[in-house]
Each structure stands twice: as C-alpha cells, then as structure tokens.
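*Asks:* Structure of the sequence below:
(chains A and B, ligands or ions: 1)
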Amino acid sequence: MSAKTLFEKVWEQHQVVPESADTPAVLYIDLHLVHEVTSPQAFSVLRAQNLKVRRPDRVLATMDHSTPTDPDEVFGRVPIKVESAARQVKELEKNCREFGIELHGLDRDTRGIVHVIGPELGATQPGKTIVCGDSHTATHGAFGALAFGIGTTEVGHVLATQCLLQRRPKTLAIEVTGKLRPGVTAKDLILAIIGEIGVSGGTGYVIEYRGSAIEALSMEERMTVCNMSIEAGARAGMIAPDETTFAYLKGRRFAPQGKAWDEAVARWRELKTDPGAQFDRVVSIDASKLEPMISYGTHPGMVVPISGKVPEVANDPVHAKALNYMGLNGGEPMVGKPIQVVFIGSCTNGRLSDLELAAGVLKGRKVASGVRMLVVPGSQQVKREAERLGLDKIFTEAGAQWRESGCSMCIGMNGDTAARGEYAVSTSNRNFEGRQGAGARTLLASPATAAAAAIAGKIADPRAYLPN
Amino acid sequence: MQPIRTIESRTVVIPVTNIDTDQIIPARFLTTTTREGLGKQAFADWRYDANGAVKSDFILNKPEVAGCGVLVAGRNFGCGSSREHAPWALLDFGFRAVISTEIADIFRSNSLKNGLLPIVVDDQTHQWLMNHPGANVKIDLETTTLALPTGATAKFPIEGFARVCLMNGVDELGFLLQQAPAIERYEAARTY
Ligand code: SF4
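*Replies:* Numbering: from 1, shown residues only, chains lettered A, B, ... in the order given. Okay, here's the model as predicted:
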C-alpha cells in the first residue's frame, strides 16, 4: 500500500462516493456542530422541503456567538439586551426541539463556544470528519480529525444527508522544529506561521502541523494552533493524534469506554502520516527563533515580534489604509503604545491554560487605570474549573471583569465591543476592521501579552511579567 | 434557483486586497434568521460613517454603480468567517459575480451555492479590469470565459459540478438526497 498522509487516511475513510471528473466526492460527516447564528436559514430549508435531520445523534448544538456574557442576561433574570440575538436563541431552541437535536442551551452548565465544548465533551475525536457553520472548526483538527467550516447551505446539506459534496484539497505540511522559548506561546507560533505564509498561503490546502515543537504542545496549545489555520486561508489544520491526545480524551462523556476505548486507541494510532508520504507543499519553521508576536494591521498576517516596529512599506495603498485605520505609523515601535481594552477569551485562547497563563501574569498586580479588561471563559466548564483554582479572584482583584462564557468581544455581536478608535489587545483570532466593534482597533496577541498590556496600560513584552 | 448561462454587466472596482467577510457584512447584522434584505448592510462600515451618514466618496455610494452587477476586487477576496451572509448581502445589493485573482475557499463555495459567480482571473486581465472601472464585461459559463470590451478573453476555473448546477438551476441538495442508498450502505459498513 502506498504511503499516505494523515489527511488522506481520514478523507478516504469517509468517502461515500469518491470524486470523479464530473462530481465532487460525497463525504460522510461524523459530527456536525451547530450554533445559533449560521443555522436558522438551514432549518428553514428543511422545513420548506419537508425534510428530517438524517442523524440527530451526530449533531450537537450550542449557543455562543450572539449570546450575552452578563450573568443576569444568561440566566434569564433580565431580558437579553440585543433583541435580535434573543430571537436567534429562541429559534435554535425551537429547531433543536422539533428536529431532535441535543442542545447545550443558554442556562446549561455544558454550554460554551462550540469549538471549546466539542473537545471538552469528548465528541471531538481522532479520525472523525467534523463540520460546523463556522470557519474556526479547524480547531478540532488538533485531535487528528478532518474538521472544517461550512456555509449555511451546507449546514442544511449535512442536516438532511449527513454528507457534503467536496473536492479533495491539497496538502501542506508545516514542520515546526526546535523548542519554543519561555514566554513564547502556541499563539505566538501560529501568528508567526501566518506572518510567514500569508493570509492566503493556505488557500486550497489542508495543513498538517508536525515536528518536535508540535509534538511537545499540550492539547489546548494544539487547538490554539489549528484554530487559526483559516487565518492562513486553509479550511482545515490537523495534528496527528498521540499519547497527549488519548490522555486528554480518556473518560470524557462521548469518548469510547472499556473495550471500545482500547479498540479506538488502536485505530487512532494508525492515523499518523506514513514515512515517505508526499505533501503538495512543505514549509519549515524553527520554533526556537520565535518571540512573542503581536499584530499591527487589519489582517492576521500583519504581525511583528513584540520587540519589533510597525513595518514601513512605501507605495502600498493597502498597507497605508491598514495603518490609517489602526492609527499607527510605519517605523514606530509596538512596545509602549497606549491601549484601552484587553480581551482574554475566544475559541483561540479561552481555555483553562490560557486563563492560567493570564492569571499568572496578573497575580498580585492591577489593571492600569483607564484600561477595561474582560475575561470571558471559553465555556461554562472552563469557568467552573477556573473558579475552583481561584483564577476569577485573581482577575477581579486586579480589576478585570469576569464573565459567563461565549464568543463575546471576539466578534462583538452581543454588545461586548470596543469603542471606535480604542486599542484592544485581544487573544482572539481576527483583527479585521470593525471586528470587535465599528472603528475598534484590534491587536492580536497571546494571553500573556494581553495580560502584560493590561498591567502596563500599553503594549508590553510579557517576558518581563512572567512568574518564575 | 434561476439557471445562469451568461452575465453581461458593467463592473465596480474596489481596489483593496484581502477584503474579508466582516467588511462585506459586519457581524452585528448576523443576528437575522432569514437570508433576505442584507444588501442594505453590505459593506456597511465602508458605506456609512459613525453617525450613519452616507460616505459619498465610497464607490458603492456613487450613482454610476447603479445597475453594475460585477464586482472587481483585490487578491484574496472573501477571506475570514464562513458566514454565507456575505454572498447573500452581495446578491441582494445587486452583484451577480465577483472577479479577483484569488478568492477564499469558503466564500467561493458559499457563492456557488447561491448563484454568485466567483471568477478568478490572471494578473494581466485583473490589472486591466482594475484600471477600467465601469467596463462592460461578459461572463460565459458555457465556455468558462470572461470577455473584455477590448475583445480580449480570459478563461476562468470553476468546479465542474457546481457549473452544471448553476447552468441548469439545479440545487446540490437534490443530488445529495439522491445518494441515500450509497449513504445507507456506507453507514451500515462502518463498524465504529
Ligand atoms: S470565539 Fe470568535 S472566532 Fe471563535 S467561534 Fe466565537 S466568534 Fe468565531
């Protein structure tokens, strides 16, 4: 048998009908994650055509994007402020009830950002095909799943048939050797990768992240890396499952138990890329050379090392437009720039280890006056675990706000936004114009860098603030 | 869906690279539960200022764009979020095709499913289009060519099955539903 990549193995196991010159492959989907924003129109199509959900047992729904993070709104003590968001919540409740889908609803202790709860529940597993009407579905690839975002029409396709029509993408290996230095996180690594290959460098590809630096990452760090594959243009990013993966999954609600667990692990061990398998493209990165990274522009490829300067690019109207939006000048250092908002959260960096990292920096210190800091756990479970460790106290004593889980200021749909002209150091994944509120200026960084900025009141090198 | 064979229209040029779907339709408009009416909010933050006043210097606010059905934009159009609201908004605004040198994967897939043609052309053709806003172009799905008013033509790639669906006004869901026997066999054969 010829040598195969991880991607090829998962793809081939899910072909209901292989692709031909005339038709794309019919690809079977093992797990379909649904949220309130990109699903209503898909359910409407099912209703209009009198169709059922083919496999409700393969669908999980939650609410995260437009939902409030204020406890009173979440638990129904006061109405949800954004009225249209309240309607979406109602609509998803109704759709899940009528079509028999398991919903992790607003007041459930298992609710959270869709890409945080899938792994947390053990529903995300190696070798699965996973889709969601959300581009950061790539996150689940950290487990060796083939996971990618789809549009609402495709959400309807999967609901009705559990399948998608797909052309086989190309493969891109990103080999990361060396060791990340202290204070340099998985977020810095992925920002550096995007800076290297560009925001469309992965278009048409599925990425496999591999090499010693990737193997050394925890599951949560691997999720941070795979999460931002889409920021490099790739629909999916994958990491081969290993002992770290199995240890994370064991005992979780949807993970196989007993004999089935042993069989599953034996199967999952086969999912590595075979020696000699060919990728369409290979990129190598030396992790030991990287510094903490921060974005300066209006897309995630516009990043520099924290000690760097805003690049000077002559005669480039797009670069000039980005700097104009950001209120930055070519040549000015990043460190020392005053900031007004810090956001810790999102499906990129809203997990327990992210909160621990930020709390480690903040412990015994105060958020600078004039800075508003929002800490939003990625899920209710992350919130509970953080509270058990006393992280919430560290945040609130420092002067930060501690919220219920959700996407919050990553996308600003629920009223959690930064104001026009404000600089927000954010652990999320997109620094597009207006992403965190009309006119808001996003600076993407790691939880450590974000926490350091909160204390300093300006962009700061996190390595000066790290606990020993 | 209406069958699409050719589109002939004048172009609008937005000479910006990496136009992401948050620009095409900002997230605050995604709390809708229908597909309709999003054209009003297409490029909202580029069309209106902080007070909601029309920015008259932005191209989509100029009178000459009336009736223009083809949008020409810089490289990597439609990157970012998977929101299908982006093609819905562009279609509702009146666009029927987008031309660039590179179009992001999910946006392209979403566009094809809604009858918005994502047309990728070579640098030279693109440069000509960027330099000639308002040019009358013809897109032919049958021959997969774009014809410029100069008489020059450029081939564009388009996934074959999607093309046939567009030309015949066929919905891909119907095709997938017909695969039910194969799906059943697949499900029965899976042991895990
Ligand atoms: S946290 Fe942000 S990127 Fe992640 S799913 Fe929510 S809105 Fe999307």
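*Asks:* remind me, longest strand of chain B?
*Replies:* Ordering each strand of chain B by length in residues (DSSP state E) puts strand B:6-14 first.
*Asks:* which intervals of the chain have sub-threshold pLDDT?
*Replies:* Going with chain A. A:1 (pLDDT under 70).
*Asks:* when you scan stretch A:155-163, is anything in it near chain B?
*Replies:* Yes: judged by C-beta under 8 Å from any C-beta of the partner chain, stretch A:155-163 comes into contact with chain B through A:156-157, A:160-163. Placement of C-beta: from N, CA and C, glycine included.
*Asks:* for the closest residue to the ligand within the stretch 1-150 of chain A, what are its contacts?
*Replies:* When you check the stretch 1-150 of chain A against the ligand by C-beta to the nearest ligand atom, the closest residue turns out to be A:His136, at 4.5 Å. When contacts are counted by C-beta atoms under 8 Å, 6 or more residues apart in numbering or on different chains, A:His136 touches A:115, A:149, A:227-228, A:230, A:347-348, A:429.
*Asks:* Ok, B:Leu117 next?
*Replies:* B:4, B:7, B:96-98, B:111, B:139, B:141, B:158, B:166.
*Asks:* how does it look with 10 Å?
*Replies:* Counting by C-beta atoms under 10 Å, 6 or more residues apart in numbering or on different chains, B:Leu117 makes contact with B:4, B:7, B:69-70, B:95-99, B:108, B:111, B:139, B:141, B:146, B:156, B:158, B:162-163, B:166.
*Asks:* Over to A:Gln381?
*Replies:* A:109-112, A:116-117, A:120-121, A:351-352, A:405.
*Asks:* could I get those as TSV with secondary structure, distance to A:Arg77 and neighbour count?
*Replies:* Formatted as TSV, those follow (DSSP: H, G, I helix; E, B strand; the rest coil; distance: C-beta to C-beta, whole Å; neighbours: other C-beta atoms under 10 Å in any protein chain shown):
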residue	secondary structure	distance to A:Arg77	neighbour count
A:Asp109	coil	17	11
A:Thr110	coil	20	16
A:Arg111	coil	17	24
A:Gly112	strand	20	30
A:Val116	helix	24	28
A:Ile117	helix	23	26
A:Glu120	helix	26	24
A:Leu121	coil	27	20
A:Arg351	coil	28	31
A:Leu352	helix	27	22
A:Ser405	coil	17	26
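*Asks:* Export stretch B:140-157 to PDB, keeping only CA atoms.
*Replies:* Taking Å, rounded to 0.1, in the frame of the first residue of the first chain, the C-alpha atoms of stretch B:140-157 are listed here in PDB:
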ATOM      1  CA  ASP B 140     -19.900  32.900 -20.100                       C
ATOM      2  CA  LEU B 141     -20.400  29.800 -18.000                       C
ATOM      3  CA  GLU B 142     -20.700  27.600 -21.000                       C
ATOM      4  CA  THR B 143     -17.200  28.400 -22.300                       C
ATOM      5  CA  THR B 144     -15.900  29.500 -18.900                       C
ATOM      6  CA  THR B 145     -14.500  32.700 -20.400                       C
ATOM      7  CA  LEU B 146     -14.600  36.300 -19.400                       C
ATOM      8  CA  ALA B 147     -14.700  38.700 -22.300                       C
ATOM      9  CA  LEU B 148     -13.500  42.300 -22.000                       C
ATOM     10  CA  PRO B 149     -14.700  45.100 -24.200                       C
ATOM     11  CA  THR B 150     -11.300  45.200 -25.900                       C
ATOM     12  CA  GLY B 151     -12.200  41.800 -27.400                       C
ATOM     13  CA  ALA B 152      -9.600  40.100 -25.100                       C
ATOM     14  CA  THR B 153     -10.900  37.000 -23.300                       C
ATOM     15  CA  ALA B 154      -9.700  35.100 -20.300                       C
ATOM     16  CA  LYS B 155     -10.500  31.600 -19.200                       C
ATOM     17  CA  PHE B 156     -11.500  31.100 -15.600                       C
ATOM     18  CA  PRO B 157     -11.600  27.900 -13.500                       C
END
